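S.K.: one predicted model, sequence on top.
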There are 2 protein chains.
Amino acid sequence: MARSAAPALDRDRLVGAAFALLEEEGLEGLSMRRLAARLGVQAPALYWHIADKGELLGLMAQDIYAPAYAGVPHAAHWRDWLRGFGHALRATFATHRDGARLCASAPAPRDRDVADHAARIAAPLAALGLDQGRALAFVASVISFALGWASFEANGPMHDYLDEMLDFDESFDIGLKALVSGFADACPGR
Amino acid sequence: MARSAAPALDRDRLVGAAFALLEEEGLEGLSMRRLAARLGVQAPALYWHIADKGELLGLMAQDIYAPAYAGVPHAAHWRDWLRGFGHALRATFATHRDGARLCASAPAPRDRDVADHAARIAAPLAALGLDQGRALAFVASVISFALGWASFEANGPMHDYLDEMLDFDESFDIGLKALVSGFADACPGR
DNA sequence: ATTGACTGTTTAACACTGTTAAGTCAACAT
DNA sequence: ATGTTGACTTAACAGTGTTAAACAGTCAAT
């Protein structure tokens, strides 16, 4: 069972190299052959460790989302948490080149338990007194906004267009604040 | 100058066929060769009419955005206009298969006049009394939200995940309402 | 010690992709 | 009749994700 021969390649090293390649070459340059070359190996070897490129992108997307969830500062109200989450998301998208485009095009894993996954997403908000339905809807909204914004911002020519007449950071903050504080209307009490 | 030989191919027919192909095969199946085949022509012939695939996608994106702008019902307040715009956007994205992903990946045209373009985007809101800076920021926010939401929703496995416990239409509406009504805070007077 | 299984990788190949260069053929102007 | 130009074809390049088959190596059992 436990083999002693060092395989020299595993999922983690693979994903790590993929991120390094992404940083250097962008999403277009992230090809299986180049990734293999960087790992000193032939392309088909990668398929021993992952099913296809989609799975690789999925793993990378997970590694982009995870720190966003983890990096939300402690919050006393679910609205503060959502704002923190939004900013954390945007920050993570910005740290990895083409991060938003990657997350937008990465397929979600398909073997997971649905209810479990949803519960995990909604957990931080549920802990702050929000029912799961609203929690999911709000999180989905914030993710959509951050993802859409980052895609928008990452669109080269579009960026140059708006850069002269729009402060991206400030405008994102305005939009996020508006979105979250607007949730109050959809929420009884509080 | 005016040739009488029917060229049989022009930009409009090209874009039209591209949309038909998109509907049938999805964004992945939208290749230059397949598009050419559908037009009864060889692939390189397309390059007589467009510079590259990016330009084709850009034209298609324009044809997706345009009816969204045109389809916003008359509004007395900029907030009503923004809500109408958001819904129109989502409707257009939904009309064309992979519409959101297409718009997210299509490059913006690069020869246009920046100020002019921005002015045109902000015009409907400016007419309702909003200064151009805020108008651009708000429109960008609504586009980002709708785009991100549609990308989110179009992500197959993710959709199946959330479909059981999330009403996409209703949740989008909640988010959009929240976003737009939240803009009031960023706005003096009104 | 030899066999057999299993892991991890290689080589070769398939069916594609976007795109360019060069050639072709009709319609027009001179 | 000649040349120009518009619109297209054929051939090709360099690259893509992915699969099948072959091949080392290392392990467990015989």
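M.R.: Arrived safely, thanks for sending. Residues are numbered from 1 along each chain as shown, chains lettered A, B, ... in the order given.
S.K.: can you pull out the residues in contact with the strand or helix carrying A:Gly16?
M.R.: According to DSSP states H and E, A:Gly16 maps onto helix A:11-29. Applying CB atoms under 8 Å, 6 or more residues apart in numbering or on different chains, the contact partners of helix A:11-29 are A:30, A:34-35, A:38-39, A:46, A:49-50, A:56, A:59-60, A:63, A:96-98, A:101-102, A:105. Quick note: C-beta positions are derived from backbone N, CA and C, even for glycine.
S.K.: try stretch A:181-190
M.R.: By CB under 8 Å, 6+ apart, the residues outside stretch A:181-190 that reach it are A:77, A:79, A:82, A:129-130, A:134, A:138, A:141, B:174, B:177-182, B:185.
S.K.: quick check: buried residues in it?
M.R.: Neighbour-count burial for stretch A:181-190, counted by 16 or more other CB atoms under 10 Å in any protein chain shown, picks out A:Ser181, A:Gly182, A:Phe183, A:Ala186, A:Cys187.
S.K.: quick check: pLDDT value at the residue most central in space within chain A.
M.R.: By CA atoms, centre = their mean, chain A has its centre lying nearest to A:Tyr65, at 3.4 Å. On the pLDDT scale, A:Tyr65 is placed at 93.
S.K.: whichever strand or helix holds it vs helix A:11-29, what angle?
M.R.: For A:Tyr65, the enclosing helix or strand under DSSP H and E is helix A:53-70. On the basis of axes from the mean of the first three to the mean of the last three CA atoms, to 10 degrees, helix A:53-70 is oriented at 100 degrees to helix A:11-29.
S.K.: is helix A:53-70 anywhere near DNA strand C?
M.R.: No: remark: helix A:53-70 sits outside contact range of DNA strand C, by CB under 7 Å from any atom of the strand, the gap being at least 13.2 Å.
S.K.: what's the domain layout of chain A?
M.R.: A:10-50, A:64-185 (automatic domain parsing).
S.K.: pLDDT weak spots in chain A?
M.R.: Within chain A, the stretches with pLDDT under 70 are A:1-7, A:111-112, A:114, A:156-157, A:188-190.
S.K.: what do you get if the cut-off is 50, keeping everything else the same?
M.R.: Within chain A, the stretches with pLDDT under 50 are A:1-4.
S.K.: longest helix of it, counting residues only.
M.R.: helix A:132-154 (DSSP state H).
S.K.: so which elements touch it?
M.R.: helix A:78-95, helix A:99-105, helix A:114-126, helix A:168-182, helix B:132-154, helix B:168-182 (3 or more CB pairs under 8 Å, 6 or more residues apart in numbering or on different chains; DSSP states H and E).
S.K.: now do the buried residues in the longest one.
M.R.: Right, the one you point to is helix B:132-154. B:132, B:134-154.
S.K.: could you check the angle helix B:168-182 makes with that helix?
M.R.: Comparing the axes of helix B:132-154 and helix B:168-182 via the same axes, to 10 degrees yields an angle of 160 degrees.
S.K.: dihedrals phi and psi, A:Met165?
M.R.: phi -130, psi 20 (degrees, to the nearest 10).
S.K.: point out the most buried one among the domains of chain A.
M.R.: Among the domains of chain A, domain A:64-185 has the highest mean neighbour count (mean count of other CB atoms under 10 Å in any protein chain shown), at a mean of 19.
S.K.: touching DNA strand D at all, it?
M.R.: No: under the criterion of CB under 7 Å from any atom of the strand, DNA strand D is not reached by domain A:64-185; the shortest gap measures 10.2 Å.
S.K.: show me how far that domain is from its chain's centre.
M.R.: Its chain's C-alpha centre and that of domain A:64-185 lie 8 Å apart, by CA atoms, centre = their mean, to the nearest Å.
S.K.: burial count for A:Pro62?
M.R.: To be clear, residue A:62 is Gln; Pro isn't right here. 14 (other CB atoms under 10 Å in any protein chain shown).
S.K.: one step back: need the buried residues of stretch A:181-190 in JSON lines with distance to DNA strand C, can you?
M.R.: Output for the buried residues of stretch A:181-190, formatted as JSON lines (distance: CB to the nearest atom of the strand, whole Å):
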{"residue": "A:Ser181", "distance to DNA strand C": "44"}
{"residue": "A:Gly182", "distance to DNA strand C": "41"}
{"residue": "A:Phe183", "distance to DNA strand C": "41"}
{"residue": "A:Ala186", "distance to DNA strand C": "42"}
{"residue": "A:Cys187", "distance to DNA strand C": "46"}
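S.K.: what's the closest of the residues you listed to chain B?
M.R.: Closest approach between those and chain B, by CB to the nearest CB: A:Gly182, at 2.9 Å.
S.K.: what's the closest non-adjacent residue to that closest one?
M.R.: Spatial nearest neighbour of A:Gly182, excluding adjacent residues (CB to CB, 6 or more residues apart in numbering or on different chains): B:Ala178 at 2.9 Å.
S.K.: wait, what's in contact with that neighbour?
M.R.: A:Ser141, A:Ala178, A:Leu179, A:Val180, A:Ser181, A:Gly182, A:Phe183, A:Asp185, A:Ala186.
S.K.: could you redo the last one with a cut-off of 7 Å?
M.R.: A:Leu179, A:Gly182, A:Phe183, A:Asp185, A:Ala186 (CB atoms under 7 Å, 6 or more residues apart in numbering or on different chains).
S.K.: and for A:Leu179?
M.R.: A:Ser141, A:Val142, A:Phe145, B:Gly175, B:Ala178, B:Leu179, B:Gly182.
S.K.: tell me the one of these nearest DNA strand D?
M.R.: A:Phe145 (29.5 Å; CB to the nearest atom of the strand).
S.K.: hmm, that closest one is touching B:Gly148, no?
M.R.: Yes: A:Phe145 sits in contact with B:Gly148 when judged by CB atoms under 7 Å, with a separation of 5.8 Å.
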